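*Asks:* sharing a model prediction with you, sequence too.
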Amino acid sequence: MAKIPPGVGPRFPQVVVLFGATGDLTRRKLLPGLYHLASAGFIPACRIVGVSLDDIDADGFRRVARAALAEYFAREVTDSDWATFAGNLDYVPLAAGPEALKAAVQRAEDSIGRESRRLHYLSVPPSSALSAVRMLAAAGLVERSRIVMEKPFGTDLASAVALNARLHEVFDEQQIFRIDHFLGKEPAQNILAFRFANGLFEPIWNRNFIDHVQIDVPETLGLGRRSAFYEQTGAYRDMVVTHLFQILAFMAMEPPTALESAPISEEKNKVFRSMLPIHPGDVVRGQYTGYRSEDGVDPESENETFIALKCFIDNWRWAGVPFFLRTGKKLAEGQRIISIAFREPPKSMFPAGSGVGAQGPDHLTFDLADASKMSLSFYGKRPGPGMRLDKLSLQFAMHDTGLLGDVLEAYERLILDAMRGDHTLFNTAEGIERLWQLSTSLLEAPPPVRLYEPGSWGPKSIHQLIAPQAWRLPFERAWRRPNGMGG
Ligand code: BG6
């Protein structure tokens, strides 16, 4: 297990109040993440009070947590760590009201026996966020606390503005952490390191040298138990206005004046301010066949399970450079890539048929998987007589560093940051409201959904959207396997 450098954890023990305690995200990420942080010693002491609509007790919640670890925790769960963790879990059904919640938090704090802090985690859909905030206020749990708000934050501009206003009636901005877990992914932060710790690429990181950018996050996953939530959300709200735009900001922003929360947020917000509104004609919405017959889905649903779009950042660095974004469920492969295509040379001296340009432009690719990879693809000469060109690549895989075990899962990293009061990787009210504002015309007049077959790459019209370029995925060549094993 990774050694914990001093200063990475919070100073004070934490009482986590977890709304949505039996939900999908809690089981997949939050309970496994909290278990890891607690058992690896990142948090001095931790108590968790689960809250949800389910009428269960603390033992029922322990069973939920144990099953979640069995299914989703990638490392070993030891009996003694589990016993300690289970002893620190408590549960309050939503129906029991604020007094019961207050009492449970009080018990948790008493059991710690020294000064502690509260972390309220709202893993609930946008429509339930305010009632959770009101319950916290009624229970008198605002002091000494921070609150993590899950995405999507609102469902459009008006609801995000209203949510921010109501939230500010109860919590100060300093207490609020609007989470987007893509920013907690190790490779997302590596974009900042790559761009600003090196002199190599930054001089060409602009419209003079870059032809277009792709941010492509296809998923093989279907919706499982999430259909009802997703039916109110769709791929745009679930993934684009959140994760994909945040990644776009890291990729496109100017160098911040310091590696700190306010300067980084300022540069991201400048990107969002410079973005042109999303034009419905630049958007392809898709729905996989079979979605309409899933539980909780309207048989005539027009909700999208896939989206691809073109957008522009109208500033000095990026004017005229298209950014192509794509994501969807039940697609052919699961990938999370950013691919930056460089402009072709102005004139080619290579003979027709040499293969130059035949496999698309030279490009830089970031893979945002936890075991992240990066590659630079370029044309080089095929050995032998004449001049035939092949696409070659330089690749880096995090695997090769031997440090993969030190990677904190995105939610773990962000929960720890929120407990420490560090806003660097969180979103601001201004940034989120601007993104909803950019989305207004699309949300008001979305193009019709087109059906696609599960296991495909989405509706056919995605090719017209990007023409004369092409989607980089599926890759023609697989990533090389780690440790130079070929492939
Ligand atoms: C979540 C979305 O925020 O991100 C899911 O709600 C999506 O629909 C998930 O599957 C993808 O996250 P990751 O970390 O698995 O790439």
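*Replies:* In hand now; what should we look at? Keep in mind that what you see is a predicted model, and the values were worked out from it rather than measured. Numbering: from 1, shown residues only.
*Asks:* tell me which element S375 is part of?
*Replies:* strand 373-381 (DSSP states H and E).
*Asks:* same for that strand, what does it pack against?
*Replies:* strand 363-367, strand 389-397 (3 or more Cβ pairs under 8 Å, 6 or more residues apart in numbering; DSSP states H and E). The C-beta positions use only the backbone N, C-alpha and C, and glycine is treated the same way.
*Asks:* out of those, which one sits most buried?
*Replies:* Most buried of the helices and strands packed on strand 373-381, by mean neighbour count (mean count of other Cβ atoms under 10 Å): strand 363-367, with a mean of 22.
*Asks:* quick check: neighbours of that one in the sheet, parallel or antiparallel?
*Replies:* Under the criterion DSSP bridges, strand 363-367 sits next to strand 337-342 (antiparallel), strand 373-381 (antiparallel) in its sheet.
*Asks:* tell me the SS of the residue of the stretch 201-350 of the chain found nearest the ligand?
*Replies:* Going by Cβ to the nearest ligand atom, the ligand is nearest to D238 of the stretch 201-350 of the chain, at 4.7 Å. Secondary structure, DSSP: H, G, I helix; E, B strand; the rest coil: D238 is helix.
*Asks:* now the one 3 residues further on
*Replies:* V241 falls in the helix class when you classify it by three-state DSSP.
*Asks:* bridged to the residue nearest to I462 when sequence neighbours are not counted, which residues?
*Replies:* Once flanking residues are discounted, I462 sits nearest to A308: 4.7 Å by Cβ to Cβ, 6 or more residues apart in numbering. Taking DSSP bridges as the rule, A308 bridges to V284, R326.
*Asks:* pick the most deeply packed of the strands paired with strand 363-367.
*Replies:* Of all the strands paired with strand 363-367, strand 337-342 carries the top mean neighbour count, a mean of 22, counting by mean count of other Cβ under 10 Å.
*Asks:* wait, does it contact the ligand?
*Replies:* No - judged by Cβ under 6 Å from any ligand atom, strand 337-342 stays clear of the ligand, getting no closer than 11.4 Å.
*Asks:* need the contact partners of that strand.
*Replies:* Strand 337-342 has contacts (Cβ atoms under 8 Å, 6 or more residues apart in numbering) with 191, 204, 209-217, 247, 251, 360-368, 469, 472-473.
*Asks:* re earlier: what is the burial count for the residue of the stretch 201-350 of the chain closest to the ligand?
*Replies:* D238 has 21 neighbouring residues, counting by other Cβ atoms under 10 Å.
*Asks:* run a quick neighbour tally on whichever residue of the stretch 1-150 of the chain sits closest to the ligand.
*Replies:* As assessed by Cβ to the nearest ligand atom, the ligand sits closest to L25 within the stretch 1-150 of the chain, at 7.5 Å. Residues lying near L25 (other Cβ under 10 Å) number 17.
*Asks:* give the contact list for it.
*Replies:* By Cβ under 8 Å, 6+ apart, the contact set of L25 is 123, 150.
*Asks:* which SSE is it in?
*Replies:* Using DSSP H and E, L25 falls within helix 24-25.
*Asks:* do A258 as well
*Replies:* With DSSP H and E as the test, A258 turns up in no helix or strand.
*Asks:* so which residues of the stretch 351-487 of the chain form helices?
*Replies:* Using DSSP state H, counting those that start in this stretch, the helices of the stretch 351-487 of the chain run over residues 410-420, 429-444, 462-466.
*Asks:* that older thread, which ones among the contacts of strand 337-342 lie within strands?
*Replies:* Of the contacts of strand 337-342, the ones assigned to strands by DSSP state E are 210-217, 363-367.
*Asks:* redo those residues as TSV? Include distance to G140 and pLDDT.
*Replies:* TSV is the format used below for these (distance: Cβ to Cβ, whole Å; pLDDT from 0 to 100):
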residue	distance to G140	pLDDT
I210	53	98
D211	56	97
H212	53	98
V213	48	98
Q214	49	98
I215	43	98
D216	47	98
V217	41	98
H363	55	95
L364	52	96
T365	51	96
F366	45	96
D367	46	95
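*Asks:* go through those and name the one nearest P346.
*Replies:* D211 (12.6 Å; Cβ to Cβ).
*Asks:* how near is the closest one to S116?
*Replies:* Here the criterion is Cβ to Cβ, to the nearest Å. By it, D211 lies 53 Å from S116.
*Asks:* what's the answer for I340, then?
*Replies:* Taken as Cβ to Cβ, the span from I340 to S116 is 45 Å.
*Asks:* kindly report the same for A193.
*Replies:* In terms of Cβ to Cβ, A193 sits 34 Å off from S116.
*Asks:* likewise A249?
*Replies:* Following Cβ to Cβ, the distance that separates A249 from S116 is 34 Å.
*Asks:* between those two, who's got more neighbours?
*Replies:* The neighbour comparison of A249 against S116 (other Cβ under 10 Å) goes to A249, with 24 against 21.
*Asks:* what helix or strand does that one sit in?
*Replies:* Following DSSP H and E, one finds A249 within helix 245-252.
*Asks:* buried stuff in the helix or strand just after that helix?
*Replies:* Using DSSP H and E, the next helix or strand after helix 245-252 towards the C-terminus is helix 261-274. The neighbour-count check on helix 261-274 (16 or more other Cβ atoms under 10 Å) flags 261, 264-272, 274 as buried.
*Asks:* just say helix, strand or coil for the residue nearest to the spatial centre of the chain.
*Replies:* With distances taken as Cα atoms, centre = their mean, F182 lies nearest the centre of the chain, 2.5 Å away. What three-state DSSP gives for F182 is helix.
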